[in-house]
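K.L.:
Make a model of this:
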Amino acid sequence: MTSPDRPPSGIRGVRYGAIARHADSRGAFRELWRASSFGPLEPGAAGAAAGIEPRFVQANLSTSAPGVLRGLHLHRRQLDYWVVGAGRALAALVDVRPLLDGTGDRPIVETRELGADDWVVIPVGVAHGFLALDALELIYLVTNEYDGSDELGFAWDDPAAGVPWPAVHETADGRPILSDRDRANPPLRDLVARLPG
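P.N.:
Model prediction:
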């Protein structure tokens, strides 16, 4: 795993980088993750209970057509490590921790375009979503097995977050293609009001 110079994130605990691609006429090889290179996972960033050493326990592959938006999703017990396998995405990260712990009244929002081989680490309390700019393959490792009780989310277009999503060329109205779940997500303030501090 390599981490070429990337502008640092303005969100505590978020890291960006890229993996090395070794290619020749036969194809390519990419090492997506190695424990010794990645380093230890900080328990607070992974939402681990006291005395539990966090580790990656599940790997997933998501494919999305151009114009698909997934998010904004929030976990309180899971760190995500995303690697773009193919295509491009506009990743949106919304740090809602200031709202959850009462230290602020506005989330911190950051967007980055990620291309093949780019990666990002997303700690608990940082909502995340992406818009597929091209046909997209996104591989992600997580520190908690799927648990529906930790699958939280809020509206992708909530003005309280103000994510600057671009218009989508694949739809007549310029709006992204959403799942039923993401279409039904509540406003950010409603989600925060329902969560224990």
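
K.L.:
For the most centrally placed residue in the chain, give me its contacts.
P.N.:
With distances taken as C-alpha atoms, centre = their mean, the residue of the chain nearest its centroid is residue 128 (4.0 Å). Residue 128 is in contact with 71, 72, 73, 74, 80, 91, 92, 93, 94, 122, counting by C-beta atoms under 8 Å, 6 or more residues apart in numbering. All C-beta spots, glycine's among them, are computed from the backbone N, C-alpha and C.

K.L.:
In strands, which of these fall?
P.N.:
Of the contacts of residue 128, the ones assigned to strands by DSSP state E are 71, 72, 73, 74, 80, 91, 92, 93, 94, 122.

K.L.:
Helices of this structure, residue ranges please.
P.N.:
Counting by DSSP state H, the chain has helices at residues 35-38, 43-46, 97-100, 180-183, 188-194.

K.L.:
neighbours of the closest residue to residue 187 other than its chain neighbours, just the number please.
P.N.:
Nearest residue to residue 187, sequence neighbours excluded (C-beta to C-beta, 6 or more residues apart in numbering): residue 158, at 5.2 Å. As a burial measure, residue 158 scores 19 neighbours (other C-beta atoms under 10 Å).

K.L.:
cool, and the one 3 residues further on?
P.N.:
As a burial measure, the neighbour count of residue 161 was computed by other C-beta under 10 Å and equals 22.

K.L.:
Among the ones in strands among the contacts of residue 128, pick out the one closest to residue 24, please.
P.N.:
Nearest to residue 24 among these is residue 91, at 29.9 Å by C-beta to C-beta.

K.L.:
measure the closest residue to residue 181 other than its chain neighbours to residue 58 for me?
P.N.:
Leaving aside its chain neighbours, residue 181 sits nearest to residue 153 (7.2 Å; criterion: C-beta to C-beta, 6+ apart). As for residue 153, its distance to residue 58 is 19 Å (criterion: C-beta to C-beta, to the nearest Å).

K.L.:
just residue 84 next, same as before
P.N.:
Distance of residue 84 to residue 58, computed by C-beta to C-beta: 18 Å.

K.L.:
Confirm for me that residue 97 is in contact with residue 127.
P.N.:
No. Counting by C-beta atoms under 8 Å, residue 97 does not reach residue 127; the two are 9.9 Å apart.

K.L.:
out of the two, which sits in the more crowded spot?
P.N.:
Between residue 97 and residue 127, counted using other C-beta under 10 Å, residue 127 has the larger neighbour count: 26 against 18.

K.L.:
Now for the more buried one: which residues touch it?
P.N.:
By C-beta under 8 Å, 6+ apart, residue 127 lies in contact with 71, 72, 73, 74, 93, 94, 95, 96, 107, 153, 154, 161.

K.L.:
repeat for residue 116
P.N.:
Contacts of residue 116 (C-beta under 8 Å, 6+ apart): 21, 84, 85, 86, 87, 88.

K.L.:
between residue 84 and residue 58, which one's more packed in?
P.N.:
Legend: neighbour count by other C-beta under 10 Å for residue 84 and residue 58, higher for residue 84 (25 against 12).
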